[in-house]
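# The sequence and its predicted three-dimensional model are supplied below.
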Amino acid sequence: MKAITILTLGSMLLLTGCQSGAAAEPAVLVAGGAEVRQQLNDFITSIVGGNTVTLADDVLQQSPELFIEQRMPLDSQGRPLDGRHQLPSYRFVLVKAGDSCILQHPGSGKSVRLNGARCQTVAR
C-alpha cells in the first residue's frame, strides 16, 4: 500500500513539474510577417473600439509590451477637449506558452494566438 502511495505522489509531482514548465512567459517576436501583423492589427482594433491603428514593421520585436495611446478628443479648432488630457494607454503583452505566441490584453483578459508567428522568451 505504501508503494502505491509513493508512486501516486511521485507521479503527481512529475505532472505538476511538467505543467509549470508550460507557463506563459514574456516574449518578443522573432518571425512573423504581414499575416501576423494583420492578426495583431485585427485584435488591437477590436480592443480599442474599432479605431484603426498603424503598427511598425518591427512591432513586438524589441519588447514584449506594446502601448497604444488613446486618440485625444479634439474640438472643432483642433484643441484637446477639457478634462481629456490624461487618457490611459492600452497595454498589450506578448507571451510564449509552449510553442504558441499569444498577445494578451490584461485590461480585458482577452488574448489571441498568433498563427504563423515565432517568438522567444525574454528575461524579466
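Now that the structure is in, tell me what you want to look at. Numbers count the residues shown, from 1 in each chain.

# ok, now how distant is the closest residue in space to E65 that isn't next to it in sequence from R79?
With Cβ to Cβ, 6 or more residues apart in numbering as the criterion, E65 has its nearest non-adjacent residue at 5.6 Å, and that residue is V93. No exception for glycine: its C-beta is placed from N, CA and C like everyone else's. Using Cβ to Cβ, to the nearest Å, V93 is found at 34 Å from R79.

# Paired strands for the strand or helix carrying C101, with orientation please.
C101 is part of strand 100-105, with elements assigned from DSSP states H and E. With DSSP bridges as the test, strand 100-105 is paired with strand 90-97 (antiparallel), strand 110-113 (antiparallel).

# Tabulate the ones you listed (a markdown table), appending mean pLDDT and distance to V48.
Shown next, in a markdown table, are the strands paired with strand 100-105 (pLDDT from 0 to 100; distance: least, Cβ to Cβ, whole Å):
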| stretch | mean pLDDT | distance to V48 |
| --- | --- | --- |
| strand 90-97 | 94 | 6 |
| strand 110-113 | 96 | 12 |
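
# and D58, which of those is closest to it?
Among the strands paired with strand 100-105, strand 90-97 comes nearest to D58, with 12.8 Å by Cβ to Cβ.

# ok, back up a step: the residue nearest to E65 pairs with what?
E65, Q104.

# Now do the buried residues in stretch 48-56.
Residues of stretch 48-56 classed as buried by neighbour count (16 or more other Cβ atoms under 10 Å): V48.

# what number of residues lie near Q104?
For Q104, the neighbour count with other Cβ atoms under 10 Å is 18.

# same thing with the one 5 residues further on?
Neighbour count of G109, defined by other Cβ under 10 Å: 7.
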